[in-house]
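Colleague: fold the following for me, if possible:
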Amino acid sequence: MKVQPAAFLRTTLPLGIDQIDALDSGRYHSIWLPDHMVSFWPDSIWTEEFTDLATVSPSPHRHLDAMAVAGAAAVLTQNVPIATSVVDTVRRHPSLLAQTALTIDHLSGGRFILGLGSGETENTVPYGFDFNKPVSRFEEALRVIRMLWESEGPVDFTGQFFELRHARLDTELCGGRCPPIWIGASGPRMLDITGRYADGWWPAGAWSPEDYAAKLGVIHASAERAGRDPEAIVPAFIMTCLIGDEDELHEILKAPLVKAILLQISAAELAKLGHAHPMGDGWRGYQDIDPGELTRERILDFLDKVEPQAVLDMVPHGTPKEVARIVKGYCDAGLRVPKILDYGGMAGLAYGAHSPDNVRAAEDELLRLTTGG
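Modeller: Numbering: from 1, shown residues only. As a prediction, this is how the structure comes out:
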């Protein structure tokens with residue numbers, strides 16, 4: 001399986017979908033669309049006091065529905081697969097996920113990838129969704145989706161979370177095949193589920209090529225136990241990086257929104273590299289993020305405690321060529337579809353303007369490294 005980068009299509013305003021033709025050229029394996037109600041960045045530092053990005057967007061949480069945007073992307077492209085990365089099984093009932101996925105698959109002529117995950121606190125709890133036992137809910141939702149796609153006639157099902165009574169989804173599969181399901185997973189149970197069900201995989205966190213390879217090994221072992229071909233599961237990854245030369249990185253690391261990347265990382269992961277987490281030893285990473293609840297005082301204390309070296313130790317960084325070499329290490333560990341995401345653009349408008357060129361340069365170098373060109 002060759003290495004081929006993926007593209008990102010932002011699902012926040014301003015949308016930028018008018019640029020989608022450039023992503024449909026054959027360069028990219030697929031276009032990935034994130035799905036959020038809110039972003040990870042705290043409201044308290046999305047102000048002009050902390051970032052000039054607030055001068056052009058009043059909020060970091062101007063999200064559109066990823067499934068709806070995927071439908072638009074499906075009819076505006078002809079070649080590239082469209083993937084959600086990822087929608088959760090808490091906010092959407094599996095019967096609706098099954099129907100919407102088939103709809104987008106038909107709109108795209110069989111190019112839709114249903115990317116699924118078990119959910120995150122900030123997108124569920126503030127809206128009153130039940131976020132108890134998300135992994136068990138996730139696995140049961142997968143079973144319901146598959147049943148509705150594969151069954152002929154009405155379906156009866158009684159589970160812990162969902163119940164179907166003479167439920168039917170008579171819409172035929174596009175081209176006679178179910179849309180591929182890719183799963184966002186990192187914990188042991190989710191990795192096992194990925195091996196049993198998934199057609200592709202995104203880690204919710206893999207902090208080294210060795211970590212990536214170990215998690216992929218768990219997936220392959222699970223697939224083999226289930227009688228599936230492990231090599232049929234596409235290994236992917238959203239590679240969050242900081243792209244710039246030494247002087248640029250020095251400035252990028254001063255930006256509050258860049259420092260805030262540590263909010264997405266657990267204290268346990270940071271401790272493995274010898275760093276104390278600015279939010280305390282019990283911080284669980286993105287599962288503890290609720291942007292509206294992270295007060296100005298708490299975030300100012302967090303920012304004051306962030307060590308630049310802790311960010312550099314966790315996040316791939318360097319010039320485009322240096323970042324490409326780091327990503328190549330993950331490819332040697334099994335990664336086949338990387339999305340290089342330059343977080344340096346969060347340092348401000350000046351850095352954001354150069355970020356697309358930096359990403360493209362890193363992609364070009366990665367393709368050279370992986371094809372021997």
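
Colleague: please identify the helix or strand for Leu249.
Modeller: Element membership for Leu249 (DSSP states H and E) is helix 246-252.

Colleague: mean confidence for whatever helix or strand comes next after that helix?
Modeller: As assigned by DSSP H and E, the chain's next helix or strand after helix 246-252 is helix 256-259. Here helix 256-259 scores 97 as its mean pLDDT.

Colleague: before we move on, what about stretch 273-281?
Modeller: Mean pLDDT, computed over stretch 273-281, is 95.

Colleague: tell me the gap between it and the middle of its chain.
Modeller: Remark: stretch 273-281 is offset 24 Å from the chain centroid, using C-alpha atoms, centre = their mean, to the nearest Å.

Colleague: can you list contacts of the helix holding Leu249?
Modeller: Helix 246-252 is contacted by residues Leu242, Gly244, Val258, Leu312, His317, Gly318, Gly344, Ala347, Tyr351 when judged by C-beta atoms under 8 Å, 6 or more residues apart in numbering. In short, each C-beta sits where N, CA and C put it, glycine included.

Colleague: what about 6 Å?
Modeller: For helix 246-252, the external contacting residues (C-beta atoms under 6 Å, 6 or more residues apart in numbering) are Leu242, Gly244, Val258, His317, Gly344, Ala347.

Colleague: quick one: the third one from Lys339, how far?
Modeller: Going back to what we said before, that points to Val258. Separation of Val258 from Lys339 (C-beta to C-beta, to the nearest Å): 19 Å.

Colleague: returning to that earlier point: show me what counts as buried in the helix holding Leu249.
Modeller: Glu248, Leu249, Ile252 (16 or more other C-beta atoms under 10 Å).

Colleague: how about the contacts of helix 246-252, which pair is most distant?
Modeller: By the measure C-beta to C-beta, His317 and Ala347 form the most distant pair in the contacts of helix 246-252, at 12.2 Å.

Colleague: more neighbours: which of the two?
Modeller: Applying other C-beta atoms under 10 Å to His317 and Ala347 shows that Ala347 carries more neighbours, namely 26 against 22.

Colleague: which residues of the stretch 101-250 of the chain fall in strands?
Modeller: Assigned by DSSP state E, counting those that start in this stretch, the stretch 101-250 of the chain shows strands spanning 112-117, 155-158, 163-167, 181-184, 200-202, 234-243.

Colleague: JSON lines for the ones you listed, including mean neighbour count, mean pLDDT and distance to Ser57?
Modeller: Formatted as JSON lines, these follow (neighbours: other C-beta atoms under 10 Å; pLDDT from 0 to 100; distance: least, C-beta to C-beta, whole Å):
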{"stretch": "strand 112-117", "mean neighbour count": "26", "mean pLDDT": "98", "distance to Ser57": "25"}
{"stretch": "strand 155-158", "mean neighbour count": "13", "mean pLDDT": "97", "distance to Ser57": "43"}
{"stretch": "strand 163-167", "mean neighbour count": "13", "mean pLDDT": "97", "distance to Ser57": "41"}
{"stretch": "strand 181-184", "mean neighbour count": "26", "mean pLDDT": "98", "distance to Ser57": "26"}
{"stretch": "strand 200-202", "mean neighbour count": "25", "mean pLDDT": "97", "distance to Ser57": "26"}
{"stretch": "strand 234-243", "mean neighbour count": "22", "mean pLDDT": "97", "distance to Ser57": "20"}
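
Colleague: any chance of the ones you listed in a markdown table, plus distance to Arg10?
Modeller: Output for the strands of the stretch 101-250 of the chain, formatted as a markdown table (distance: least, C-beta to C-beta, whole Å):
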| stretch | distance to Arg10 |
| --- | --- |
| strand 112-117 | 16 |
| strand 155-158 | 36 |
| strand 163-167 | 35 |
| strand 181-184 | 18 |
| strand 200-202 | 17 |
| strand 234-243 | 13 |
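
Colleague: Gln264 is nearest to which of those strands?
Modeller: strand 234-243 (8.4 Å).

Colleague: run me through the strand neighbours of the closest one, direction for each.
Modeller: Strands adjacent to strand 234-243 in the sheet, as given by DSSP bridges, are strand 200-202 (parallel), strand 317-318 (parallel), strand 337-342 (parallel).

Colleague: hmm, who's touching the helix or strand following the longest one?
Modeller: Proceeding N to C from strand 337-342, the next assigned helix or strand is helix 349-371, under DSSP H and E. Taking contacts as C-beta under 6 Å, 6+ apart, the residues outside helix 349-371 that touch it are 3, 5, 52, 243, 320-321, 323-324, 327-328, 331, 340, 342, 344-345.

Colleague: looking at the residues you listed, state which has the most neighbours.
Modeller: In the contacts of helix 349-371, the most neighbours by other C-beta under 10 Å go to Ile243, 29 neighbours.

Colleague: burial count for the closest residue to that residue other than its chain neighbours?
Modeller: Closest residue to Ile243 apart from its sequence neighbours, by C-beta to C-beta, 6 or more residues apart in numbering: Asn358 at 4.1 Å. Neighbours of Asn358 under the rule other C-beta under 10 Å: 22.

Colleague: what does Asp332 give?
Modeller: For Asp332, using other C-beta under 10 Å, the count is 14.
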